[in-house]
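# mind looking at a prediction? Sequence and model below.
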Amino acid sequence: MLNEGDKAPDFTAKDDNGNDVSLKDFRGKKVVLYFYPKDNTSGCTKEACDFRDNLGRIKRKDTVVLGVSPDSEKSHEKFKTKFDLNFPLLVDEDKKLVNAYGVWKEKSLYGRKFMGVVRTTFIIDENGKIVKLFPKVKVAGHVEEVLAALA
């Protein structure tokens, strides 16, 4: 698991439009990199819409938002269109990002154990360092926590 103060692992991944997006593309800006389990599920939709609705406030802090899940480009494209999301969703079907950031973990639901994404948000500074980490995010109020941390 990564910690605050660590250098954020660099990456290049496809976004919902098939474009390559690299962390280094955003040097000089802060990045909110949030990992979520699955497109079009209730918690993930609420979280994405909260980021969408507050993107103007986030951008005023010279910050970009990137969402990441193991869903496909096509799934991301549909999710983004359905909810009019205004920031990139990164494709991580091979799970390189979730593993690099330590958010692919054993989970439990109704006594059944399985591997999945633990909802986690990283704030990465202008130099690529993790300055804030939100592990096991609770969706309600999370975007406000992120905005407070960007102050």
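Yep, that arrived.
# and for the residue lying closest to D16 once chain neighbours are set aside, the neighbour number?
Leaving aside its chain neighbours, D16 sits nearest to H76 (3.8 Å; criterion: Cβ to Cβ, 6 or more residues apart in numbering). Yep, even glycine has a C-beta here, placed from its N, CA and C like the rest. If you count neighbours by other Cβ atoms under 10 Å, H76 ends up with 24.
# cool, the one 5 residues further on as well?
As a burial measure, the neighbour count of T81 was computed by other Cβ under 10 Å and equals 10.
# which ones are touching the residue nearest to D16?
Contact partners of H76, counting by Cβ atoms under 8 Å, 6 or more residues apart in numbering, are 15-16, 39, 69, 89-91.
# over to Y36?
43-44, 47-48, 67-69, 117, 119.
# in this protein, which residue is closest to the centre?
Y34 (1.8 Å; Cα atoms, centre = their mean).
# make sure that one is indeed in a strand.
Yes. The assignment for Y34 is a strand, going by DSSP: H, G, I helix; E, B strand; the rest coil.
# test my guess that it contacts D50.
No. The pair Y34 / D50 is not scored as a contact, 10.3 Å apart, by Cβ atoms under 8 Å.
# show me the helices in this protein, by range?
Using DSSP state H, the helices of the chain run over 42-53, 55-59, 73-82, 96-100, 142-150.
# other residues contacting the one helix or strand in the chain whose mean pLDDT sits lowest?
Sorting the helices and strands of the chain by mean pLDDT, DSSP states H and E puts strand 104-109 at the bottom, at a mean of 91. Surrounding strand 104-109, the residues in contact under the criterion Cβ under 8 Å, 6+ apart are 95, 98, 113-118.
# again, only using 6 Å
Applying Cβ atoms under 6 Å, 6 or more residues apart in numbering, the external contacts of strand 104-109 come out as 95, 98, 113-116, 118.
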